[in-house]
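A.B. asks: Return atomic coordinates for the entry below.
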Amino acid sequence: MTGGGMMGATGFDPAALGLAGTGNPDVGTRIISPSVKLSEYPAVGVHPTFTVIEPAAARAVIGYGDGTIRAIGLVLDGAQPSALTKVRATPIAAAVDIGGAGVLIGTDAGELLRLDGSTVTKLTETGGPWVSEVAVHSGKGLRAFAAAKSMTVLGADGATVLEAGGHPSTVAGLSFSPDGTRIAVAHYDGVSVWNLTDPGQKPQRLEWHGSHTAVAWSPSGQFIVTAMQDKEMHCWRWKDKTGMRMSGYPSKIRAVAWTADGQYVAASGADTVTSWDCSGKGPSGKPPLEFGYVYDGVVRQVAAHPVDHVVAGGYSDGTVLVGTIEQETAMIARPASGHAVTGLAWTDDGATLVATDESGAVAVMRILEPLVS
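C.D. replies: Purely as a prediction, here's the structure:
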């Protein structure tokens, strides 16, 4: 079933930014909203591989293709990014670690690392295959990582909770259920859901033909959604395993993000930020809500606000927009840099947004007033 084709309206609101009457719908992409204070830090000329907020240290941690890991403090304006350490291999996946302290990192040398301050500790290694996906469940004290067709879940003490191999293809995404009793694994032709309370059980398979490149379990626990290589998303209602398509995207979906209450799931892949309403029985039959527009730009990254129905979208030209889902309006948080946004992350209070782009530049955006009245 199709959730509905993409809407034609952009939802961009020039009047909200004082741009009414300009006659140019693209002028807003170069004017920062007065509701945002932007601090921009120069490019380092190396592609960022991950952007993570570490709440316990009040900092953003950023990995780069040359193995360098940098951090920038988020308490005071004017803090500068600084190099923490350099690892011997390329860091390719990361997540904030248990309790919001430290960062869990996977590398292309098959290592699972933990960054604590500026100290890096090796937790385990695969002996070869890249650690391409990582996930953390703080409440249960669980860490998960994937390498090739295998997935492993570790307890906080390092003991193996589950080791599962033989997936149909290289694992392309991991997502714990909200209660931490299961983990969803994305791969070719669908998702395998493993029961962590009974590791001996066979996984439940959610099938849909094609290459599934990311997976995200809704915070409500009701839905599992994947991004697909075929420029669409797929959603399963967990209760009865009913599948639903969300199609009509002009380019590959690189990022999906759920709002904190699980009502909406936002996605990249179009010239607008699209959010699908998953209330009730799910998105089937509902067109997405859309906001934002930049000239010749495509959304590359999305990040959902930690509290409100608000999403940040990072574009292929470096623009960052922040919009309210139901109102379908957006404001400019960062103007175009000429380099695609590679990472977006909110602080836990929703007051600060951090973005990185392909040039290695870092942008810190303070939100100066409530986004939702």
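A.B. asks: Report the residue spans of the stretch 1-150 of the chain with pLDDT below the cut-off.
C.D. replies: Applying pLDDT under 70 to the stretch 1-150 of the chain flags residues 1-30.
A.B. asks: And the strands in it?
C.D. replies: For the stretch 1-150 of the chain, the strands defined by DSSP state E, counting those that start in this stretch cover 36-41, 48-54, 59-64, 68-73, 82-86, 91-96, 103-107, 111-116, 119-125, 131-137, 142-147, 150-155.
A.B. asks: what does the stretch 201-350 of the chain give?
C.D. replies: Under DSSP E, counting those that start in this stretch, the stretch 201-350 of the chain gives strands at 204-217, 223-228, 232-237, 242-246, 256-258, 264-267, 273-277, 289-291, 299-304, 310-315, 320-324, 329-334, 341-346.
A.B. asks: Dump the C-alpha coordinates for the longest one into PDB.
C.D. replies: Pointing back at strand 204-217 there. This file holds the C-alpha atoms of strand 204-217, laid out as PDB (Å, rounded to 0.1, in the frame of the first residue of the first chain):
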ATOM      1  CA  GLN A 204      11.000 -12.600  13.100                       C
ATOM      2  CA  ARG A 205      11.300 -11.600   9.400                       C
ATOM      3  CA  LEU A 206       9.600  -8.500   8.000                       C
ATOM      4  CA  GLU A 207       9.900  -9.000   4.300                       C
ATOM      5  CA  TRP A 208       9.900  -6.500   1.400                       C
ATOM      6  CA  HIS A 209      11.900  -7.000  -1.700                       C
ATOM      7  CA  GLY A 210      14.800  -4.700  -2.300                       C
ATOM      8  CA  SER A 211      17.800  -3.200  -0.500                       C
ATOM      9  CA  HIS A 212      17.000  -1.700   2.900                       C
ATOM     10  CA  THR A 213      19.700   0.700   3.900                       C
ATOM     11  CA  ALA A 214      18.600   2.000   7.300                       C
ATOM     12  CA  VAL A 215      16.200   1.100  10.000                       C
ATOM     13  CA  ALA A 216      14.500   3.000  12.900                       C
ATOM     14  CA  TRP A 217      12.100   1.700  15.500                       C
END
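A.B. asks: Give me the sheet partners of that strand and which way each runs.
C.D. replies: Strand 204-217 pairs in its sheet with strand 182-195 (antiparallel), strand 223-228 (antiparallel), by DSSP bridges.
A.B. asks: The third one too?
C.D. replies: Sheet partners assigned to strand 232-237 using DSSP bridges are listed as strand 223-228 (antiparallel), strand 242-246 (antiparallel).
A.B. asks: Over to the last one?
C.D. replies: Paired strands of strand 341-346, with direction, are strand 352-357 (antiparallel) (DSSP bridges).
A.B. asks: how far does the partner strand sit from the chain's center?
C.D. replies: Here strand 352-357 is found 12 Å from its chain centre; the criterion is C-alpha atoms, centre = their mean, to the nearest Å.
A.B. asks: repeat for stretch 39-47
C.D. replies: With C-alpha atoms, centre = their mean, you get 20 Å for stretch 39-47.
A.B. asks: What residues of that stretch count as buried?
C.D. replies: 39, 41, 44, 46-47 (16 or more other C-beta atoms under 10 Å). Any C-beta I mention is one placed from the backbone N, CA and C, and that applies to glycine too.
A.B. asks: Stretch 194-202 too?
C.D. replies: 194-196.
A.B. asks: Quick check: end-to-end length of that stretch?
C.D. replies: In stretch 194-202, first residue to last residue: 7 Å (C-alpha to C-alpha, to the nearest Å).
A.B. asks: What lies in contact with that stretch?
C.D. replies: Defining contact as C-beta atoms under 8 Å, 6 or more residues apart in numbering, one finds that stretch 194-202 is touched by 140, 142, 151, 153, 161-162, 164, 180-183, 185, 203-204.
A.B. asks: Now a PyMOL select for only the buried ones of those residues.
C.D. replies: To isolate the buried members of these in PyMOL, using 16+ other C-beta under 10 Å:
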select buried, resi 140+142+151+153+161+162+164+180+182+183+185+203
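A.B. asks: Rebuild the contacts of stretch 194-202 as CSV, extending it with distance to D357.
C.D. replies: CSV is the format used below for these (distance: C-beta to C-beta, whole Å):
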residue, distance to D357
K140, 34
L142, 32
M151, 31
V153, 33
V161, 37
L162, 37
A164, 36
G180, 34
T181, 38
R182, 35
I183, 31
V185, 30
P203, 38
Q204, 39
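A.B. asks: Kindly present the strands of the stretch 201-350 of the chain as CSV, with separate columns for mean pLDDT and distance to T51.
C.D. replies: As requested, these are exported to CSV (pLDDT from 0 to 100; distance: least, C-beta to C-beta, whole Å):
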stretch, mean pLDDT, distance to T51
strand 204-217, 97, 16
strand 223-228, 98, 18
strand 232-237, 97, 22
strand 242-246, 96, 25
strand 256-258, 98, 13
strand 264-267, 98, 17
strand 273-277, 97, 18
strand 289-291, 95, 22
strand 299-304, 98, 9
strand 310-315, 97, 10
strand 320-324, 96, 12
strand 329-334, 94, 14
strand 341-346, 98, 3
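A.B. asks: so of these, which one's packed in deepest?
C.D. replies: strand 310-315 (a mean of 29; mean count of other C-beta atoms under 10 Å).
A.B. asks: give the contact list for the spatially closest residue to P288 that is not a sequence neighbour.
C.D. replies: Leaving aside its chain neighbours, P288 sits nearest to T274 (4.1 Å; criterion: C-beta to C-beta, 6 or more residues apart in numbering). Counting by C-beta under 8 Å, 6+ apart, T274 touches 6, 249, 266-267, 288-290.
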